[in-house]
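J.: next input, structure requested:
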Amino acid sequence: MSSSLEKLKALTSRLEDKLEEKGKVKSPVSDTAKTEKEIVKKPVLKTNATVEINCDTVREDNISRVEALYKKLKIFEKSPDFDQIFMYKAMNLSGIGLKEDDFGEVREGKYIQIIAITYEPDKNGKKKAKNISLGYFGKAETLDEVLKNEIIEFVLRWRYEKAFQNVEHYKDLIARVEVTAETPDTLF
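T.: Next up, the predicted model:
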C-alpha cells in the first residue's frame, strides 16, 4: 500500500510540475501566516531546497479544481452530487496510461473513460467490485490533448483528495487509542 501511495504522490507531483510549467496552476505556497502544524517541508527533486506548503490550502485548492473539472468534464451527468463522488472506493482511466512507464499515453484503438469503482454485495452477500463509467470521451485517436490532460488531472486530483480523507480517518482512529506516558504526543 505504501508503494501505491508513493506512486500516487510521485504522479501528483509530476502533474503539478507540468501544470506549473504551463502556467495553468498557481503555486500552492501561500503568503498568509502559517502555524507550525500547517507547514510541510516538501523536497524539490531538482535541488536540495525545500518549499513550504500550507496543507490546508493545498487541499482546498485541490477540491476546488476537482469540482471545476467535475463540471467541465460533465461528470455530474452520471454522478449528480459532487460530494458523493468521494464515496467511490477508487477511480481509474481506461484508454490512458497512469503508470510510471506509460503515464499520459493513449492506447490506440481504445475508448477513453473515467471509471469509478465501488463494492456492492452480490446475491450471497459477498462484496463484489462494480465499475461505473463516470465519463466517456470517445476513441483514443480523436482525443484532444487538452481534454486528455484534464481527464488525467481529474482522476489524480480525486485520488489526492481520497488520500487526504484516508489520512484523516487514520488520525481519528489513532486519537482514539489510549496514549501511555511513554508514548510521545508530538507525532501529529
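J.: quote the end-to-end distance of stretch 89-108.
T.: End-to-end distance of stretch 89-108 (C-alpha to C-alpha, to the nearest Å): 28 Å.
J.: average pLDDT across that stretch?
T.: Averaged over stretch 89-108, pLDDT sits at 90.
J.: what lies in contact with it?
T.: Residues outside stretch 89-108 that contact it (C-beta atoms under 8 Å, 6 or more residues apart in numbering) are 7, 10-11, 14, 110-119, 134, 140-141, 143, 148-149, 151-152, 155-156, 158-159, 162. Every C-beta, even on glycine, is put in place using the N, C-alpha and C of the backbone.
J.: drop anything exposed from those residues.
T.: Buried residues within these, defined by neighbour count using 16 or more other C-beta atoms under 10 Å: 11, 112-116, 134, 140, 143, 148-149, 151-152, 155-156, 158-159, 162.
J.: give me the contact list for the longest strand along the chain.
T.: Longest strand in the chain by number of residues, with DSSP state E as the criterion: strand 127-139. Defining contact as C-beta under 8 Å, 6+ apart, one finds that strand 127-139 is touched by 73-75, 78-79, 85, 88, 91, 109-122, 143, 147, 151.
J.: helices - which of those residues land there?
T.: The helices, defined by DSSP state H, take in 147, 151 from the contacts of strand 127-139.
J.: pull the helix or strand with minimum mean pLDDT from this structure.
T.: strand 39-43 (a mean of 46; mean pLDDT, DSSP states H and E).
J.: one step back: so which of the contacts of stretch 89-108 belong to strands?
T.: Those of the contacts of stretch 89-108 lying in strands (DSSP E): 111-119, 134.
J.: could you list the low-confidence segments of the protein?
T.: Counting by pLDDT under 70, the chain shows low-confidence ranges at 1-8, 11, 18-19, 21-56, 179-188.
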